[in-house]
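**Q** what would the 3D arrangement of this be:
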Amino acid sequence: MSLPSTQAELDELVERRLTKQQRKHTRELLAVRDQYDRQIDRLRTEWQEERSLGLVARARRRLLLHYRERWRLGVGR
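**A** Below is the predicted model:
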């Protein structure tokens, strides 16, 4: 068996080997990751706006806190 060459192939391989309960847990983690991705996107937009107003340090700190929280949950990419 060769190694998957794309992320989609890897995801499919992992999905086939998971139990039903594990799939549910995985979907929940993906939902959390998506939520954090949306928050990070929103914060990036705010950061760009605040940067234009000269408020870079505060915006950067908020964005980094969200990245840290996302990785703490173990749903990093």
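**Q** residues touching the closest residue to Arg60 other than its chain neighbours, list them.
**A** Closest residue to Arg60 apart from its sequence neighbours, by Cβ to Cβ, 6 or more residues apart in numbering: Trp47 at 6.6 Å. C-beta here means a position set from N, CA and C on the backbone, and glycine is covered the same way. Applying Cβ atoms under 8 Å, 6 or more residues apart in numbering to Trp47 gives the contacts Val56, Ala59, Arg60, Arg62, Leu63.
**Q** most neighbours among those, please name it.
**A** Comparing the contacts of Trp47 on neighbour count, Ala59 comes out first with 19 neighbours (neighbours: other Cβ atoms under 10 Å).
**Q** so what's that residue scoring on pLDDT?
**A** With respect to pLDDT, Ala59 scores 72.
**Q** now it: how far from Gln22?
**A** In this view, Ala59 and Gln22 are 38 Å apart by Cβ to Cβ, to the nearest Å.
**Q** would you list every one of the helices in this protein?
**A** Assigned by DSSP state H, the chain shows helices spanning 7-17, 20-52, 56-72.
**Q** quick one: the shortest one to chain centroid distance?
**A** The reference is to helix 7-17. 18 Å (Cα atoms, centre = their mean, to the nearest Å).
**Q** quick one: average confidence on that helix?
**A** Helix 7-17 carries an average pLDDT of 78.
**Q** can I get it as CSV, trimmed to CA atoms?
**A** This file holds the C-alpha atoms of helix 7-17, laid out as CSV (Å, rounded to 0.1, in the frame of the first residue of the first chain):
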residue,chain,number,x,y,z
GLN,A,7,-4.7,15.6,1.7
ALA,A,8,-8.0,14.3,0.4
GLU,A,9,-6.6,10.8,0.0
LEU,A,10,-5.2,10.9,3.5
ASP,A,11,-8.5,12.1,4.9
GLU,A,12,-10.4,9.3,3.1
LEU,A,13,-8.0,6.7,4.4
VAL,A,14,-8.3,8.0,8.0
GLU,A,15,-12.1,8.2,7.7
ARG,A,16,-12.3,4.5,6.5
ARG,A,17,-10.4,3.3,9.5
